[in-house]
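**Student:** generate a structure from the sequence data that follows.
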Amino acid sequence: MKKILLVCCAGMSTSMLVLKMEKAAVARGLEAQIKALPVLDAESELNDWDVIMLGPQVRNMEKRLRELTSTPIEVINMRDYGMMNGEKVLDAALKIIE
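**Tutor:** Alright, predicted model coming up:
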């Protein structure tokens, strides 16, 4: 099972992206746990995931989060985030994990 955490400001728009990523994972027959959390809530569980994907609006938190965990962290491509392209964001996460 692949565990992917999406981190943003409030978790609202990223929750929609999670649904699209889950749909893409199901279509591929991939077992994945994908969750969205606001950055402050995410800090307590950074080590529980295979990869952490940051929404573009919290890219300024990347350095701080890297200091708190050894889990790989990547900023989601702004275009893919804006278009809510679950397939591409899933691909980016899997590329880091594998």
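
**Student:** dig out what K3 forms beta bridges with.
**Tutor:** Q33 (DSSP bridges).

**Student:** tell me, what's the model's pLDDT at it?
**Tutor:** At K3, the pLDDT value in this model is 98.

**Student:** for it, give its distance to N60.
**Tutor:** Going from K3 to N60 by Cβ to Cβ, to the nearest Å gives 24 Å. No exception for glycine: its C-beta is placed from N, CA and C like everyone else's.

**Student:** these two: who's more crowded?
**Tutor:** Neighbours of K3 and N60, each counted by other Cβ atoms under 10 Å, are more numerous for K3; the result is 17 against 11.

**Student:** do I have it right that that one meets E45?
**Tutor:** No. Contact criterion Cβ atoms under 8 Å: K3 and E45 do not qualify, at 10.3 Å.

**Student:** burial of Y81, as a residue count?
**Tutor:** 22.

**Student:** what sits closest to it if chain neighbours are left out?
**Tutor:** Using Cβ to Cβ, 6 or more residues apart in numbering and skipping residues adjacent in sequence, the residue nearest Y81 is P56, 5.4 Å away.
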